[in-house]
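S.K.: from the sequence below, what's the structure:
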Amino acid sequence: MHNERNFMDGVFVDAGGEPPIAVHNPATGEHIAEIDAASPAQVQVAVAVAARAQRDWARRPAIERAQYLRKLADVLVANAARIGAALASESGKSLTDASNEAIYAAEITRYHAEWARRIEGEVIPSDSADETILLQREPIGVVACLIPFNYPVYTLLRKVAPALITGNTVVVRPSNNTPLCAFEIARAVEQAGFPAGVVNILAMRHEHASLLCTQPPVGMITLTGSVGVGRSVLEYCKVNIAKPSLELGGKTPAIIEPDADLEQAASAIVASKTTNCGQLCTAIERVYVHARVHDRFLNLLREKFAAIRIGDRSEDPSRMGPLISEGARRDIHAKVMRAAAEGAVLEAGGAIPEGRGFFYPATLLSHCRQDMEIVQEEIFGPVLPVLCYGTLDEALRMANDHQFGLSSVLYTEQYRTALKVANRIEAGELYVNRTPADPYQGFHAGWKRSGLGGDDGKHGMLEFTQTRLVVMRY
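M.R.: Modelled structure (predicted):
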């Protein structure tokens, strides 16, 4: 077991007197580390130094800021194994997957560095003959970044890189489940030579996170998390009228048309549902199958779900790893049991395994109804409900009859069907004949309760800016 310290103003700082945060390996339940929890005074200092550093950082040419990002990307790649080892120990991922996440984080960092020469404003015609109207893109100031546990390396850079290229500074609060990898990223920031105060990373308890988000210099709060936490962030934003950017819950529907390649669709959906033990906001969470192919497709899913083996991925990367905590496992199992009590048929899984670690089997439920909790609420685990439909209009009605609208999936070989769904699905994303992957040149933005704002691409980068109108009379 080891201790980690918080990183602010360019250095790692001693504990501020708060009880430490315990970190566990979810594959074994073992207590593996103690993290210094930031004190209220340290949180306030971190925001203050970020605000001070932001003035100089924003004055630097964007291409100079990009040079720091490119250096950081190089350091992330060089230290991918070290970052991956920390992430694997606290998340239950395999070392390969965890190390690859660091490399993906480096790639999105390089991508945002490329925007240095492309942060565009506008020239707008004036109603007066002797005037020019300019619309400039400017940084917001200090950004509070709240990071989830499921992809904590990638998501951290997904938020930090666009914030920095546009001239903001950041205070990052990693998940208390996965803070070790965040401090490895802090070491990478230190090695890349960023000016002091530009990037600050502090572990803290919930009440101190609220203090972070309500400090006057914080002009934007970006969160990837649950709807409940999103509501809390909106309350924090009210204090200083800060800008929210929220990626919240998801309940990705997959529609399987009768002309679909069923084998391809089943394999992809099972992989989506079991990758990272289903702890992914765009993982397939409900499947609507046309009546003509329902039984065949259900058989394919049943066979593939039954073949999934669980276990410690540090010992066998071919197995599905654990959920993040015992609390998550209890919550998911309770949902499965309530679905069974309401009439769903358990086709695979559904039992808590014996032994250490927070494992849960790949679980398939058939004969589900649209009004069931298992269909209406996010599961965030390896559980998949299947429903039957008769017409595409019926499938669309059920897919759209939902509080969430993050991502969606369609399997069909008919372009007319694809275009109809593309124009009628109530979600920020549609993937045709594949499962979601969040391309970082796209725009990852949810509808309904799935969020406000968005990440990735040009539009995700511009989320971290505000506009200034300049009217020049000559």
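S.K.: how near is the nearest residue to Arg434 once chain neighbours are set aside to Asn79?
M.R.: Of all residues beyond its chain neighbours, the one nearest Arg434 is Ala268 (6.5 Å), with distances taken as C-beta to C-beta, 6 or more residues apart in numbering. For the C-beta atoms, the positions are set from N, CA and C on the backbone; glycine is no exception. Distance of Ala268 to Asn79, given as C-beta to C-beta, to the nearest Å: 32 Å.
S.K.: cool, and Val198?
M.R.: 19 Å.
S.K.: look at these two and report which has more neighbours.
M.R.: Set side by side, Val198 and Asn79 show more neighbours around Val198, with 23 against 19, by other C-beta atoms under 10 Å.
S.K.: can you tell me how far the more buried one is from Val289?
M.R.: 50 Å.
S.K.: assumed Asn150 was part of a helix.
M.R.: No. Per DSSP: H, G, I helix; E, B strand; the rest coil, Asn150 lies outside any helix segment and is coil.
S.K.: what about it, how many neighbours?
M.R.: Residues near Asn150, counting by other C-beta under 10 Å, number 23.
S.K.: with Asn433 instead?
M.R.: For Asn433, using other C-beta under 10 Å, the count is 15.
S.K.: over to the one 10 residues further on?
M.R.: The burial metric for Phe443, expressed as a neighbour count using other C-beta under 10 Å, is 20.
S.K.: got it, and Leu300?
M.R.: Neighbours of Leu300 using other C-beta under 10 Å come to 18.
S.K.: how about the nearest residue to it, chain neighbours excluded?
M.R.: Nearest to Leu300 is Ala266, by C-beta to C-beta, 6+ apart, at 3.9 Å.
S.K.: tell me if that neighbour really is in a strand.
M.R.: No. Ala266: not assigned to a strand; according to three-state DSSP it is helix.
S.K.: which ones are touching it?
M.R.: Applying C-beta atoms under 8 Å, 6 or more residues apart in numbering to Ala266 gives the contacts Phe297, Leu300, Leu301, Lys304.
S.K.: most neighbours of all those residues, which one?
M.R.: Taking other C-beta under 10 Å as the neighbour criterion, Leu301 ranks highest of those with 26 neighbours.
S.K.: how about it, secondary structure?
M.R.: State at Leu301, reduced to three classes by three-state DSSP: helix.
S.K.: ok, now how distant is it from Gly141?
M.R.: Using C-beta to C-beta, Leu301 is found at 49 Å from Gly141.
S.K.: quote the end-to-end distance of stretch 431-442.
M.R.: 12 Å (C-alpha to C-alpha, to the nearest Å).
S.K.: swap that for stretch 349-359, please
M.R.: OK, stretch 349-359 end separation, C-alpha to C-alpha: 11 Å.
S.K.: next, count neighbours for Arg117.
M.R.: Arg117: 10 surrounding residues under other C-beta under 10 Å.
S.K.: and it, its phi and psi?
M.R.: Dihedral angles of Arg117 (phi, psi; degrees, to the nearest 10) stand at phi -100, psi 10.
S.K.: how about the contacts made by it?
M.R.: Per C-beta under 8 Å, 6+ apart, neighbours of Arg117: Ala62, Ile63.
S.K.: same deal with Cys368?
M.R.: By C-beta under 8 Å, 6+ apart, the neighbours of Cys368 are Arg286, Ala339, Ala344, Ile374, Val375, Pro385, Val386, Leu387.
S.K.: tally of neighbours for the second one?
M.R.: The reference is to Ala339. 25.
S.K.: save the contacts of Cys368 as a markdown table, and put in pLDDT and distance to Val421 too.
M.R.: Output for the contacts of Cys368, formatted as a markdown table (pLDDT from 0 to 100; distance: C-beta to C-beta, whole Å):
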| residue | pLDDT | distance to Val421 |
| --- | --- | --- |
| Arg286 | 98 | 15 |
| Ala339 | 98 | 26 |
| Ala344 | 98 | 26 |
| Ile374 | 98 | 23 |
| Val375 | 98 | 19 |
| Pro385 | 98 | 20 |
| Val386 | 98 | 19 |
| Leu387 | 98 | 16 |
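S.K.: strands - which of these land there?
M.R.: If you go by DSSP state E, the contacts of Cys368 have Arg286, Pro385, Val386, Leu387 in strands.
S.K.: and the two most separated of the residues you listed?
M.R.: Distance extremes for the ones in strands among the contacts of Cys368: the farthest pair is Arg286 and Val386 at 7.9 Å, using C-beta to C-beta.
S.K.: list of residues touching stretch 311-321?
M.R.: With contacts defined as C-beta under 8 Å, 6+ apart, stretch 311-321 is touched by 26-28, 88, 91-97, 274, 276-277, 308-310, 322, 357, 359, 362, 382.
S.K.: give me that answer again for 7 Å
M.R.: Contact partners of stretch 311-321, identified using C-beta atoms under 7 Å, 6 or more residues apart in numbering, comprise 27-28, 88, 92-96, 274, 277, 308-310, 357, 362, 382.
S.K.: which of these has the largest number of neighbours?
M.R.: Among those, Cys277 has the most neighbours (other C-beta under 10 Å), with 30 neighbours.
S.K.: was I right to think that one contacts Pro322?
M.R.: Yes. The criterion here is C-beta atoms under 7 Å, and Cys277 meets it with Pro322 at 6.2 Å.
S.K.: residue ranges with poor pLDDT in this protein?
M.R.: For the chain, residues meeting the criterion pLDDT under 70 lie at 1-2.
S.K.: okay, domains of it per the record?
M.R.: The chain breaks down into these domains under automatic domain parsing: 2-248+450-473, 252-439.
S.K.: end to end, how far does the last one reach?
M.R.: The reference is to domain 252-439. 16 Å.
S.K.: can I take it that Asn100 is in a strand?
M.R.: No. Counting by three-state DSSP, Asn100 falls outside a strand, being helix.
S.K.: quick revisit: give me the common contacts of Cys277 and Pro322.
M.R.: With C-beta under 7 Å, 6+ apart as the test, Cys277 and Pro322 reach no residue in common.
S.K.: and Ala351, how far is that from Thr363?
M.R.: Counting by C-beta to C-beta, the gap from Ala351 to Thr363 is 9 Å.
S.K.: these two: who's more crowded?
M.R.: Thr363 (27 against 11).
S.K.: next up, the contacts around the residue lying closest to that one once chain neighbours are set aside.
M.R.: In this structure, Thr363 finds its nearest non-sequential neighbour in Gly349, 3.2 Å apart by C-beta to C-beta, 6+ apart. For Gly349, the contact set (C-beta under 7 Å, 6+ apart) comprises Phe305, Pro361, Ala362, Thr363, Leu364.
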